[in-house]
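J.: pasting the sequence and the predicted model now:
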Amino acid sequence: MRVFFILLASFIFFGCSEKKVDTQTAKVKDSANCKTTIAKKSKFQMYEMSEMAALMEQMYVENTRIKATFTSGGEIGTYPVVFDKIYSAKMTDSTDNDAFFQAKAKEFLKHQKLIYSDTKNARTHYQAAINACISCHEKKCGGPIARIKTLKLE
């Protein structure tokens with residue numbers, strides 16, 4: 001009986017002892033080809049928007065407001081001069097700021113400014129501005145196209 005207690009105590013002691021775990025690596029199973037590999041764990045990094053992405057978020061919000069104004073019949077307001085930063089705002093990939101982008105930015109701003117100055121034809125200018133966004137994103141960064149299309153007027 002004494003041997004049993006010694007074996008039980010040994011099992012508990014060694015079975016429950018603290019195991020050192022390397023926090024920098026972990027076994028990762030690749031489901032595509034069922035291989036287990038050692039991969040470095042990366043520290044969590046919070047996504048930080050580029051200056052251009054933040055500007056485009058502002059443009060989206062402003063155009064959402066304008067679209068709502070068309071249905072409610074309210075005042076459009078004044079042109080947000082921050083939009084002029086589109087030419088110089090830092091992009092995630094600086095090579096995207098090429099001649100094509102600059103031309104599309106110019107087209108977008110032309111129509112965007114006309115929304116505020118030619119309020120009689122604001123809806124037409126608004127649609128042209130949204131179409132300029134879509135045509136640029138079709139060539140550059142296609143991710144936000146579906147979201148931009150929600151800005152179109154029916």
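T.: Noted; the coordinates are in hand. Numbers count the residues shown, from 1 in each chain.

J.: could you list the low-pLDDT ranges of this structure?
T.: Judged by pLDDT under 70, the chain has its weakly predicted residues at 1-42.

J.: give me that answer again for 80
T.: Where the chain drops to pLDDT under 80, the residues are 1-47.

J.: which parts of it are helices?
T.: 2-15, 51-72, 99-117, 122-139, 145-149 (DSSP state H).

J.: for the fourth one, which outside residues touch it?
T.: So the one you mean is helix 122-139. Contacting residues not belonging to helix 122-139 are listed as 59, 63, 66-67, 70, 76, 100-101, 104-105, 107-108, 111-112, 114-116, 118, 143-145, 148-149, 151-153 [CB atoms under 8 Å, 6 or more residues apart in numbering]. No exception for glycine: its C-beta is placed from N, CA and C like everyone else's.

J.: nearest to Met91, of the helices of the chain?
T.: Met91 sits nearest to helix 51-72 of all those, at 4.4 Å, using CB to CB.

J.: I'd say Asn121 and Leu114 touch.
T.: Yes. Look at Asn121 against Leu114 with CB atoms under 8 Å: they come within range, at 7.3 Å.

J.: those two: which is more packed in?
T.: Neighbours were counted for Asn121 and for Leu114 using other CB atoms under 10 Å; Leu114 has more, 18 against 12.

J.: how much space separates the nearest residue to the more buried one once chain neighbours are set aside from Lys113?
T.: What sits nearest to Leu114 in space, not counting adjacent residues and going by CB to CB, 6 or more residues apart in numbering, is His125, at 4.0 Å. In this view, His125 and Lys113 are 8 Å apart by CB to CB, to the nearest Å.

J.: re earlier: just the buried subset of the contacts of helix 122-139, please.
T.: 59, 63, 66-67, 101, 104-105, 107-108, 111-112, 114-115, 148, 151 (16 or more other CB atoms under 10 Å).

J.: which of those residues sits closest to Val82?
T.: Proximity of the buried ones among the contacts of helix 122-139 to Val82, judged by CB to CB, is greatest for Met59, which lies at 9.0 Å.

J.: quick one: contacts for the closest residue in space to the closest one that isn't next to it in sequence?
T.: What sits nearest to Met59 in space, not counting adjacent residues and going by CB to CB, 6+ apart, is Phe83, at 6.4 Å. For Phe83, the contacting residues are Leu55, Gln58, Met59, Glu62, Leu109, Gln112, taking CB under 8 Å, 6+ apart as the criterion.

J.: that concludes my questions; thank you for your assistance.
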